[in-house]
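S.K.: Here is a sequence with its predicted model. Questions after.
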Amino acid sequence: MQLIECVPNFSEGRDRSVIDAITAEIETVAGAQLLDVDPGADTNRTVVTFAGDRVAVGEAAFRVIVKAAELIDMTAHSGAHPRMGATDVCPFVPISGATMDDCVELAREVAARVGEHGIPVYLYERAAFEGRRSLTEVRRGQYEGLAERTDRPDFGPVLNRSAGATAIGAREFLIAYNVNLNTTDRRLAHQVAQAIRELGAPRRDDSGNIVKDVEGKTVFDPGRFRECKAVGWYLEEYGRAQVSINLTNYRVTSLHEVFDACREEAAARGMRVTGSELVGLAPRAALLAAGDYFLVKQGHTTGVPEADRIRSAVLSLGLAELSPFIPENKVIEYRVGAGPGKLASMRIHEFLAEVSSDSPAPGGGTVAAMCGAMAAALTSMVAALTHGKKGWEKSRAEMEDLGRAAQELVDWFTLAVDRDSDAFNAVMAAIRMPKGTPEEQESRQQAMLAANYEATLVPLEVLERSVRTLELATKATRGGNPNSVSDAGVASACAQAAARGASLNVRINLQNLSGEILDEITERHDVAITEISRLAAETDAAVDTILVS
């Protein structure tokens, strides 16, 4: 699923009824989830965060912009923050399964709709057509200067006195991150901030005076990291100084890099970093990268469950120093329910009870996916036990790669557990659709074709990934710790069961397909089954050889 975040800023931070009416629009769109509402009375501005799939986020963004234009009169607005419209800015941010290009396209689509609704729109950042990318440049003159602007907006009329204008763009995820210091000295904290931030520190001459350029502007010596903004401040609530950081592209500069750099710069000034704080949400990938970084530094494998990699990040960065760090509340993908579904989240006895009930779903396809997950998990375990065993140092790189690949398969199969059941339920829903009129019959027929295809595709993908899982189990058998060969053998058996079970579910659904789709799926099925048979014989023989040696 494509997961996109949207962070619109509205020019109202005092009237809660207006704020609630605007954010209520988000909750009317299926697939869009409201994550945070942060009003500010002094700025008279509210920052709203929501996320979801591409279609839902685009629709919700359009609705809140329209609602804000109805409820906020810019002719009567005042506030400390720069602004030019009822909805001042509306950026789209790729989170997972979505690219920057997807967000650029979405921003322009929403901008066109907003413009047609009579609100001027200026594109900014990555969504800008050309030039004028900076938000500062787009917003120059603010609301009061809109009437005198000579550059036309990208969409919509030249002027809307009540609604003002809106900047719509696409940008990377901004991570707000604070590093805690064992000092109350804001000045020292700011020195650390200057050392790490892209802007750097003011250049000084031999006498210690700040150097100015020919225009009288301060000359800066760049800091250590790009896409990093930082200042030092004193936080009275916690009685300590912090380095307050905005990472404007965590793929360029990561959490763990700035954390370690702050430790170095703090130590050089006689201080110590005691922990850090994540303000708001962060993408899953940012925390996983940090967790992996510290696991590798400690000589551990990263081919472990995702929860362990996240825990490594939390412990190593000291994210729980000032307040409890609950990943379900701080990782954006977890907040929007992008993890395991209902069945995969059950306890074992609950899952078995659900399977053994008289309901046809979950059924064999779901169980096949679960077998695949168990096969991949056991394979990862063998890799981890080999990676950390003394005397097996030469195998570490191979076992690292094997364990990571196996964990990715665990995650995929876990999602497939619910996908298979959902696909069957979609078939049943299509069958129950009305068929009284020719139009209803046509709609029902199209729904059944789509549902039957998905019900066949899911077990086919389970089958194909079972081949990959069995390949990894084979490598674990041959190259892994021989003391774990029985575990590798069970992994092989589970992968074979997953493949055979998935094959049965593909075959029973083939009768509902025809034409090129039938031919394609049949060919993919037969290729996978042939490969499973070859690998199964190879792995079973390898296991038997090791057991009798």
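M.R.: Okay, I see it. On a predicted model such as this, the values are computed, not experimentally measured, just so you know. Numbers count the residues shown, from 1 in each chain.
S.K.: Looks like residue 521 contacts residue 514 (just checking).
M.R.: No: between residue 521 and residue 514 there is no contact under Cβ atoms under 8 Å: 10.8 Å. The C-beta positions use only the backbone N, C-alpha and C, and glycine is treated the same way.
S.K.: Have a look at these two and say which one is more surrounded.
M.R.: The residue with more neighbours, out of residue 521 and residue 514, is residue 521; 18 against 10, by other Cβ atoms under 10 Å.
S.K.: host element of residue 545?
M.R.: Secondary structure assigned from DSSP states H and E places residue 545 in helix 515-548.
S.K.: per the record, what domains does the chain have?
M.R.: Using automatic domain parsing, the domain parsing of the chain gives 3-170, 175-335, 348-548.
S.K.: For those domains, give me JSON lines that also has mean pLDDT and distance to residue 342.
M.R.: Output for these, formatted as JSON lines (pLDDT from 0 to 100; distance: least, Cβ to Cβ, whole Å):
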{"stretch": "domain 3-170", "mean pLDDT": "93", "distance to residue 342": "17"}
{"stretch": "domain 175-335", "mean pLDDT": "94", "distance to residue 342": "16"}
{"stretch": "domain 348-548", "mean pLDDT": "94", "distance to residue 342": "6"}
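S.K.: Looking at those domains, which is nearest to residue 341?
M.R.: Residue 341 lies closest, by Cβ to Cβ, to one member of these: domain 348-548, at 3.1 Å.
S.K.: chain center to that closest one: distance?
M.R.: Distance of domain 348-548 from its chain centroid, counting by Cα atoms, centre = their mean, to the nearest Å, is 25 Å.
S.K.: swap in stretch 541-549?
M.R.: Stretch 541-549 sits 43 Å away from the centroid of its parent chain (Cα atoms, centre = their mean).
S.K.: Quickly list what residue 179 is bridged to.
M.R.: With DSSP bridges as the criterion, residue 179 is bridged to residue 243, residue 276.
S.K.: my read: it touches residue 261, true?
M.R.: No: counting by Cβ under 8 Å, residue 179 sits too far from residue 261 to count as a contact (9.3 Å).
S.K.: one step back: in TSV: the domains of the chain, plus distance to residue 341.
M.R.: Below are the domains of the chain laid out as TSV (distance: least, Cβ to Cβ, whole Å):
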stretch	distance to residue 341
domain 3-170	15
domain 175-335	13
domain 348-548	3
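S.K.: and the gap between residue 318 and residue 216?
M.R.: Per Cβ to Cβ, to the nearest Å, residue 318 is found 42 Å from residue 216.
S.K.: Looking at the two, which one has more neighbours?
M.R.: Legend: neighbour count by other Cβ under 10 Å for residue 318 and residue 216, higher for residue 318 (17 against 6).
S.K.: so what's that one closest to, chain neighbours aside?
M.R.: Leaving aside its sequence neighbours, residue 318 sits nearest to residue 275 (Cβ to Cβ, 6 or more residues apart in numbering; 2.8 Å).
S.K.: Quick check, the one you found in contact with residue 325.
M.R.: No: counting by Cβ under 8 Å, residue 275 does not reach residue 325; the two are 10.0 Å apart.
S.K.: Please enumerate the helices of the stretch 101-250 of the chain.
M.R.: 135-138, 186-196 (DSSP state H, counting those that start in this stretch).
S.K.: the strands in the stretch 1-150 of the chain, which residues?
M.R.: 3-6, 9-10, 32-40, 45-52, 87-96, 121-125 (DSSP state E, counting those that start in this stretch).
S.K.: buried ones in the third one?
M.R.: What it means is strand 32-40. Within strand 32-40, the residues scored as buried using 16 or more other Cβ atoms under 10 Å are 32-35, 37, 39.
S.K.: which helices and strands sit right next to it?
M.R.: Here strand 32-40 touches helix 16-24, strand 45-52, helix 54-71, helix 332-335, going by 3 or more Cβ pairs under 8 Å, 6 or more residues apart in numbering; DSSP states H and E.
S.K.: swap the cut-off to 7 Å and go again
M.R.: Under the contact criterion of 3 or more Cβ pairs under 7 Å, 6 or more residues apart in numbering; DSSP states H and E, strand 32-40 touches helix 16-24, strand 45-52, helix 54-71.
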